[in-house]
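Student: just coords:
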């Protein structure tokens with residue numbers, strides 16, 4: 001590479017270590033900004049240095065000031081790369097304040113906010129004729145009751161702000177099979193003062209029918225790099241992020257995405273997902289991430305390009321080498337897949353043999369790398385800690401449950417007589433990485 005410029009990664013979630021590896025292996029100095037000082041992401045050997053700052057917990061003005069001070073400390077006007085919705089919107093909304101200190105794609109005003117909002121995205125899809133599942137956004141319980149008069153089950157319940165719903169309910173999405181379950185889920189999950197739930201048409205089909213496009217669009221909204229692939233398994237099963245995916249060509253998905261992004265003037269890295277609807281023969285848009293996604297290293301071509309490298313080369317004035325798709329390349333998030341796979345076994349969607357064969361062709365893992373093994377160990381320790389905490393809470397609840405209530409629960413689970421109608425289905429030691 002002819003031009004070396006530092007990169008600042010706002011690594012607030014579980015994507016940053018992949019970026020550090022991808023760019024660090026090219027000799028690029030990569031700096032991480034982490035929400036938690038002991039995040040498994042922060043343990044990659046490819047970070048030049050680490051800082052601590054939680055963008056979700058801090059005022060925007062304070063976050064901008066922190067970034068400007070960081071840019072001055074590093075020098076050379078670093079490339080700035082957000083990795084989650086919060087940091088993506090901070091960079092987009094505060095572009096005028098950050099532009100002289102950092103290099104980053106210059107998005108049209110308000111576009112990142114619209115695409116990050118599931119409601120805004122739905123409206124934009126309708127305006128541009130992009131197929132997407134039919135969706136309603138209830139403002140109150142009466143809106144849900146009105147929806148039930150025309151609803152066809154199953155129905156997908158999602159958070160408009162998925163992160164907020166995760167914090168409130170411990171989940172981002174659920175598939176419900178009847179009206180009673182839908183109302184129960186709404187009552188438990190909704191925040192009436194600030195409505196955050198959407199009710200979406202369920203598109204039948206296995207995880208393999210969920211297709212993804214990862215690409216990079218330059219200042220003229222030309223796609224300079226783009227690959228497609230589909231999910232094999234998800235976490236949570238059937239409704240979540242990719243736990244195992246495969247790179248595969250899909251010209252229809254690529255063309256639909258490129259035309260849509262050009263029409264709206266999109267610039268930068270894009271992670272977008274569709275599901276194929278056999279009933280209509282359409283690929284229906286599910287989610288748009290106007291930023292780098294957690295599965296970006298699934299999409300690597302024969303020239304070694306991924307979206308992080310494409311953005312870096314373009315912003316630093318270097319050519320992006322042309323490569324071909326790596327058909328059949330598989331990528332795994334091992335921490336997620338080991339949790340989701342048993343659900344597929346229990347449901348009969350997979351067998352032990354099929355699960356073992358599905359790992360053929362896996363070329364890269366999210367956490368493990370021979371030249372950077374410590375993040376895997378740290379995410380394993382973090383997972384054990386969460387399991388222990390969950391077990392402790394469950395034990396405390398059992399100890400606090402009166403015996404007569406336990407007897408009622410047991411009686412409720414006894415097999416019903418055949419004359420009774422069935423119930424509706426429901427669905428070496430190392431010091432911590434330096435942080436400042």
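Tutor: Arrived safely. Keep in mind the model is a prediction, meaning the values are calculated, not measured.
Student: sheet partners, orientation included, of the lengthiest strand in the chain?
Tutor: Secondary structure of the chain per DSSP state E: the longest strand is strand 223-235. In the sheet, strand 223-235 lines up against strand 210-217 (antiparallel), strand 241-247 (antiparallel) (DSSP bridges).
Student: can you redo those strands as CSV with mean pLDDT, mean neighbour count and distance to residue 13?
Tutor: For the C-beta atoms, the positions are set from N, CA and C on the backbone; glycine is no exception. Converted to CSV, those look like this (pLDDT from 0 to 100; neighbours: other CB atoms under 10 Å; distance: least, CB to CB, whole Å):
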stretch, mean pLDDT, mean neighbour count, distance to residue 13
strand 210-217, 98, 25, 17
strand 241-247, 96, 24, 11
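Student: and the longest strand of the chain, average pLDDT?
Tutor: Mean per-residue pLDDT for strand 223-235: 97.
Student: and if you look at stretch 107-122?
Tutor: Stretch 107-122 comes out at a mean pLDDT of 94.
Student: sort out which residues of it are buried, please.
Tutor: 107, 111, 112, 113, 114, 115, 116, 117, 118, 120, 121, 122 (16 or more other CB atoms under 10 Å).
Student: got the end-to-end distance for that stretch?
Tutor: 19 Å (CA to CA, to the nearest Å).
Student: so how far is that stretch off the chain centroid?
Tutor: 16 Å (CA atoms, centre = their mean, to the nearest Å).
Student: on that earlier part again, in JSON lines: the strands paired with strand 223-235, plus distance to residue 132.
Tutor: Formatted as JSON lines, these follow (distance: least, CB to CB, whole Å):
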{"stretch": "strand 210-217", "distance to residue 132": "14"}
{"stretch": "strand 241-247", "distance to residue 132": "19"}
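Student: do you know which of these lies nearest residue 343?
Tutor: For residue 343, the closest of the strands paired with strand 223-235 is strand 241-247, at 10.6 Å, according to CB to CB.
Student: give me the residues contacting the closest one.
Tutor: Strand 241-247 is contacted by residues 212, 227-235, 294-295, 298-300, 325-333, 336-337, 339-341, 358-359, 361-362 when judged by CB atoms under 8 Å, 6 or more residues apart in numbering.
Student: quick one, which of these are buried?
Tutor: Buried, going by 16+ other CB under 10 Å: 212, 227-235, 294-295, 298-300, 325-326, 329-333, 336-337, 340-341, 358, 362, out of the contacts of strand 241-247.
Student: and residue 73, how far is that from residue 41?
Tutor: Using CB to CB, to the nearest Å, one obtains 21 Å as the distance from residue 73 to residue 41.
Student: oops, could you answer that again for residue 380 instead?
Tutor: Residue 380 sits 14 Å away from residue 41, going by CB to CB.
Student: who has more neighbours, these two?
Tutor: Shown here are residue 380 and residue 41; by other CB atoms under 10 Å, residue 41 has more neighbours (28 against 14).
Student: neighbours of residue 175, just the number please.
Tutor: 17.
Student: so where does it fall, helix or strand?
Tutor: strand 173-176 (DSSP states H and E).
Student: what's that strand packed up against?
Tutor: Strand 173-176 sits against strand 155-159, helix 179-189, with contacts defined as 3 or more CB pairs under 8 Å, 6 or more residues apart in numbering; DSSP states H and E.
Student: that one pairs with which strands?
Tutor: Looking at strand 173-176 with DSSP bridges, its partner strands are strand 155-159 (antiparallel).
Student: how big is the angle separating the following helix or strand past the partner strand from helix 179-189?
Tutor: Next helix or strand after strand 155-159 toward the C-terminus (DSSP H and E): helix 162-169. Helix 162-169 and helix 179-189 are oriented at 90 degrees to each other (axes from the mean of the first three to the mean of the last three CA atoms, to 10 degrees).
Student: mind giving me the packing neighbours of helix 162-169?
Tutor: Against helix 162-169 (3+ CB pairs under 8 Å, 6+ apart) you get strand 155-159, helix 179-189.
Student: hmm, who's touching the shortest one?
Tutor: Defining contact as CB under 8 Å, 6+ apart, one finds that strand 155-159 is touched by 118, 133, 165-166, 172-176, 182, 185-186, 189, 196-202, 239.
Student: where does pLDDT dip in this protein?
Tutor: 1-2, 382-436 (pLDDT under 70).
Student: and stretch 219-226, which residues are buried?
Tutor: Buried-residue list, stretch 219-226, by 16+ other CB under 10 Å: 221, 223, 224, 225, 226.
Student: what do you get for stretch 47-62?
Tutor: 47, 49, 50, 51, 52, 53, 55, 58.
Student: excluding chain neighbours, what is closest to residue 24?
Tutor: Setting aside the residues directly before and after it, residue 24 is nearest to residue 46 in space (CB to CB, 6 or more residues apart in numbering), at 3.0 Å.
Student: does the one you found touch residue 28 like I think?
Tutor: No - if you go by CB atoms under 8 Å, residue 46 and residue 28 don't touch, sitting 9.0 Å apart.
Student: for residue 181, see how far away the closest residue to residue 119 other than its chain neighbours is.
Tutor: The shortest distance from residue 119 to any non-neighbouring residue, by CB to CB, 6+ apart, is to residue 137 (5.4 Å). The gap separating residue 137 from residue 181 is 20 Å, by CB to CB.
Student: neighbour count winner among the two?
Tutor: Comparing residue 137 with residue 181 by neighbour count (other CB under 10 Å), the higher total belongs to residue 181, at 20 against 16.
Student: ok, residue 219 - contacts?
Tutor: Applying CB under 8 Å, 6+ apart to residue 219 gives the contacts 105, 106, 267.
Student: recalculate using a threshold of 6 Å.
Tutor: Contact analysis of residue 219 by CB atoms under 6 Å, 6 or more residues apart in numbering lists residue 267.
Student: break down the stretch 51-200 of the chain into its strands, ranges please.
Tutor: Along the stretch 51-200 of the chain, counting by DSSP state E, counting those that start in this stretch, strands occupy 79-82, 135-136, 155-159, 173-176, 197-201.
Student: buried set for the fourth one?
Tutor: Put plainly, it is strand 173-176. Buried, per 16+ other CB under 10 Å, within strand 173-176: 173, 174, 175, 176.
Student: export those residues to CSV and tack on distance to residue 11?
Tutor: Shown next, in CSV, are the buried residues of strand 173-176 (distance: CB to CB, whole Å):
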residue, distance to residue 11
173, 24
174, 29
175, 31
176, 35
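Student: ok, of the residues you listed, which one's closest to residue 353?
Tutor: residue 175 (27.2 Å).
Student: picking that back up, pretty sure the residue nearest to residue 119 is touching residue 198, no?
Tutor: Yes - assessed by CB atoms under 6 Å, residue 137 is found in contact with residue 198 at 5.1 Å.
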